[in-house]
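Colleague: Pasting the sequence and the predicted model now:
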Amino acid sequence: MSRRLGRLSAGVATTAVVFGAVAGLTAGTASALAPYTTGKVAYMCNFPAIGQQQLDVTAKFDGPASVASGGAVTPANISGTATISATINALLNSANYDGVRGKVNMPVTVTNATPASATVTNLDVPTQVTPYVPGARTFNIVQDAGTGVPTFTAGTPGSATASLGTTISAPLEFHKKDGSWTAWSFNCTVKNTNPAQNRAFTPSITIT
């Protein structure tokens, strides 16, 4: 599951579990696009053969620097990365896994906008099958034509902040070294830490 997962993190965080650029505004005019990104967010996930392990996710999107109150916003160009540690990479290799492909569903919450929560569905995890290389691996997640992207309505003048949700689900297939694929329902929950992890995209989006 080596480089394939590496690309997932490079593609995902480069998300994560990421979020898209705002494309449509039914009220008001958007300013030039600006980048919105998360830091590393740790999730605990049910890996095949090795059980619960940590997955580090980052996400990003391009969106307007400001949007009019009441404007309808549809994210686009969503991307992200997911990174596994060197230890997990070695364990998956020992279990004869060397690749992955599939889809990812990434919930997001938004302050001062409706709906307050929604899910970006069917982000693509491109086929990533490579020989084992010791070390951490990053895997890519990207938006494609089959991705379902929710539309948000901007709230009152001020600002809105988007954040990664507390869960991620991914109907994946893991590739084995014998060439076979194994379907796997990959489920993740944000890691419980004290203080709690910051899952927000920065900066906030200005609402005029």
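Modeller: Done, it's in.
Colleague: Now do the SS call for the residue of the chain most remote from its centre.
Modeller: Ranking residues of the chain by C-alpha distance from their mean position (C-alpha atoms, centre = their mean) puts Asp178 at the top, at 29.3 Å. Under DSSP: H, G, I helix; E, B strand; the rest coil, Asp178 falls in the coil class.
Colleague: That one reaches Asn96, doesn't it?
Modeller: Yes. Contact criterion C-beta atoms under 8 Å: Asp178 and Asn96 qualify, at 7.3 Å. Every C-beta, even on glycine, is put in place using the N, C-alpha and C of the backbone.
Colleague: What's the separation between the residue farthest from the centre of the chain and Pro195?
Modeller: In this view, Asp178 and Pro195 are 45 Å apart by C-beta to C-beta, to the nearest Å.
Colleague: likewise Pro107?
Modeller: In terms of C-beta to C-beta, Pro107 sits 21 Å off from Pro195.
Colleague: What is the burial count for Asn46?
Modeller: 14 (other C-beta atoms under 10 Å).
Colleague: hang on, the earlier thing: ok, Pro107 and Pro195, which is more surrounded?
Modeller: Between Pro107 and Pro195, counting by other C-beta under 10 Å, Pro107 is the more crowded of the two (17 against 5).
Colleague: give me the beta-bridge partners of the more buried one?
Modeller: Thr119 (DSSP bridges).
Colleague: For it, list the residues it contacts.
Modeller: Listed by C-beta atoms under 8 Å, 6 or more residues apart in numbering, the contact set of Pro107 reads 117-120, 164-168.
Colleague: and if we set it to 7 Å?
Modeller: 117, 119, 165, 167 (C-beta atoms under 7 Å, 6 or more residues apart in numbering).
Colleague: Go ahead and build a ChimeraX selection from the buried members of those.
Modeller: The ChimeraX command for the buried members of these (criterion: 16 or more other C-beta atoms under 10 Å) is given here:
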select :119,165
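Colleague: between the contacts of Pro107, which is closest to Val125?
Modeller: Distance to Val125 across these (C-beta to C-beta) is lowest for Thr119, with 15.9 Å.
Colleague: Next, find the distance separating that closest one from Pro75.
Modeller: 12 Å.
Colleague: Phe186 versus the residue farthest from the centre of the chain, what's the distance?
Modeller: 21 Å.
Colleague: for Ala59, same thing?
Modeller: 16 Å.
Colleague: higher neighbour count, those two?
Modeller: Taking other C-beta under 10 Å, Ala59 and Phe186 do not tie; Ala59 has more neighbours (32 against 22).
Colleague: what secondary structure does that one sit in?
Modeller: Going by three-state DSSP: Ala59 is strand.
Colleague: where do the helices sit along the protein?
Modeller: 2-12, 86-94 (DSSP state H).
Colleague: List of residues touching the shortest one?
Modeller: Which is helix 86-94. Contacts of helix 86-94 (C-beta under 7 Å, 6+ apart): 1-2, 47, 50, 53, 132, 134-137.
Colleague: how far out from the middle of the chain is that helix?
Modeller: Put simply, helix 86-94 sits 22 Å off its chain's centre (C-alpha atoms, centre = their mean, to the nearest Å).
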